[in-house]
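**Q** Dropping a prediction and its sequence here:
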Amino acid sequence: MPKKRMSDKSFAEVTASLEHTEGSDPGTGQLSPASSGELVDDRGRLWTRSRGPLDVRLAKRLVRGADEMIIGEGAGEVLRPVPAEGRDEAWELLKDRLEPGGPGTHQAYEFRSEDDRVLLYVEEFC
């Protein structure tokens, strides 16, 4: 059986193997990290939103330049950290979803920690 090319994989297939932590559930009245402006990662580090939603060009720069990357599914209900080696593959699947003229199902935000680390947070919005 031939190996799937990256473009043949769905976003769900790429992110399914990533570890996830529970985030804010808008169904319970809590705001998503993008709306609340704060995100606590699986290590307990607090991140504060500094910019966003970002345009596609800036999001692309942060894919490689940010210290961390997290994808929030269901408006932040499930948080999936993206390891450095998986960022290029995640970007290929996300870039069209960030385009206003495309499906437009995701938005990118820059968050910063107290020690000035940078996080690219990409959230699926409902």
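**A** The structure has been received and is ready for your questions.
**Q** What part of this structure, helix or strand, is modelled with the least confidence?
**A** strand 21-22 (a mean of 49; mean pLDDT, DSSP states H and E).
**Q** Which element is encountered next along the chain beyond that strand?
**A** helix 33-36 (DSSP states H and E).
**Q** That next one packs against which elements?
**A** strand 46-51, strand 106-113, strand 118-124 (3 or more CB pairs under 8 Å, 6 or more residues apart in numbering; DSSP states H and E). Using the backbone N, CA and C atoms, a C-beta is placed for each residue, glycine as well.
**Q** how about a cut-off of 10 Å?
**A** strand 46-51, strand 68-73, strand 106-113, strand 118-124 (3 or more CB pairs under 10 Å, 6 or more residues apart in numbering; DSSP states H and E).
**Q** Adding mean pLDDT and distance to R97, write these out as JSON lines.
**A** Formatted as JSON lines, those follow (pLDDT from 0 to 100; distance: least, CB to CB, whole Å):
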{"stretch": "strand 46-51", "mean pLDDT": "94", "distance to R97": "19"}
{"stretch": "strand 68-73", "mean pLDDT": "90", "distance to R97": "10"}
{"stretch": "strand 106-113", "mean pLDDT": "94", "distance to R97": "4"}
{"stretch": "strand 118-124", "mean pLDDT": "92", "distance to R97": "8"}
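**Q** Could you give me the buried positions within the biggest helix by length in the chain?
**A** Ranked by number of residues, the top helix in the chain under DSSP state H is helix 87-98. By neighbour count on 16 or more other CB atoms under 10 Å, the buried set for helix 87-98 is R87, A90, W91, L93, L94, K95, R97, L98.
**Q** Done for today, thanks.
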